[in-house]
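# No letters, just coordinates:
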């Protein structure tokens, strides 16, 4: 199981939103955890060369961190789309987050063979809506 | 977005088993399609693919029985078969077919391995007897491991 990837994804999305380093508070808020827990994991990610953390400035992902974050985000998009398109799950955001740590990249790749995902994924992810922007439009149109 | 255990209720367990059913359905549909349509494969490989499709069908039924005990439903095989057909990208040369089957077996093994680990780490009470659940998943995982060995041997021949 991999919660590190969930952290990397959250840092990446906060950095995209802020267009700069991500504050520990914003990361903790996105993951709905305490800042102390966030700090602990950020320390581990930093020692694995996945991010830099500067006090009062925030967290910056390294190149490798960005790569892993984007893969994690892509996996999340696959899980969300799979839940909607194949299993018709209404509460797909919450369930995708629960499933993330147990659906790894290889499994997501197989699920990807039966869904209809855009080639620009994960750049079309809308962090505020917590879903792919294209899918968000499809869902809005269907309502 | 929040961090939670992936298997802390019957509902979450059922969802993961439903995903397992779909994975087996994808494997079954792809292996059967390759056995029926790939032009450049010999009888040994064709027989192996048919056997692999049959084995996935068996795994699917065992998972469906577990899902049923959790009072949930699974996606019918013909629906997944249609999705496989719609999104299928032809890659039917000998190596492509066997490589696809290797990915199928390795993916299924990894899925069951992660699922067993998540169940063992969870202290939730499920409607299914935990020891029966884990032993079923372990048995299926072992058959996937054998599948990986068999397809690797065929690729080396």
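Now that the structure is in, tell me what you want to look at. Keep in mind the model is a prediction, meaning the values are calculated, not measured.

# OK, now which residue of chain A is nearest to chain B?
Nearest to chain B in chain A, going by CB to the nearest CB, is residue A:32, at a distance of 3.4 Å. (C-beta placed from N, C-alpha, C; glycine too.)

# and residue B:86, what does it touch?
Applying CB atoms under 8 Å, 6 or more residues apart in numbering or on different chains to residue B:86 gives the contacts residue A:114.

# Would you quantify the distance from it to residue B:40?
Taking CB to CB, to the nearest Å as the measure, residue B:86 and residue B:40 are separated by 24 Å.

# and the gap between the most centrally placed residue in chain B and residue B:104?
The structure's chain B has its C-alpha centroid closest to residue B:24; by CA atoms, centre = their mean the separation is 3.1 Å. Taking CB to CB as the measure, residue B:24 falls 9 Å from residue B:104.

# which residues are common contacts for those two?
Residues touching both residue B:24 and residue B:104 by CB under 8 Å, 6+ apart: residue B:56.

# count of neighbours near residue 142?
No chain specified, so I'll use chain A. By other CB atoms under 10 Å in any protein chain shown, 6 other residues sit near residue A:142.

# let's do chain B instead
Residue B:142: 12 surrounding residues under other CB under 10 Å.

# likewise the one 5 residues further on?
For residue B:147, the tally of surrounding residues (other CB under 10 Å) stands at 23.

# what's stretch A:73-82 in contact with?
By CB under 8 Å, 6+ apart, the residues outside stretch A:73-82 that reach it are A:5, A:9, A:12-13, A:92-93, A:96-97, A:99-100, A:103-105, A:108-109, A:111-112, A:114-117, A:121-122, A:125, A:131-132, A:135, B:19.

# from those residues, which ones fall inside helices?
Counting by DSSP state H, the part of the contacts of stretch A:73-82 found in helices is A:5, A:9, A:12-13, A:92-93, A:96-97, A:99, A:105, A:108-109, A:111, A:135, B:19.

# what does chain B have sitting close to chain A?
With CB under 8 Å from any CB of the partner chain as the criterion, chain B meets chain A at residues B:1-7, B:12, B:15-16, B:18-19, B:22-23, B:26-27, B:30, B:75, B:80, B:83-84, B:86-88, B:103-104, B:106-107, B:110-111, B:114-115, B:117-118, B:121.

# Generate a PyMOL selection restricted to the buried entries among those.
Buried residues among the residues of chain B next to chain A (16 or more other CB atoms under 10 Å in any protein chain shown), as a PyMOL selection:
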select buried, chain B and resi 1+3+5+6+7+12+15+16+18+19+22+23+26+27+30+75+80+83+84+103+104+106+107+110+111+114+115+118
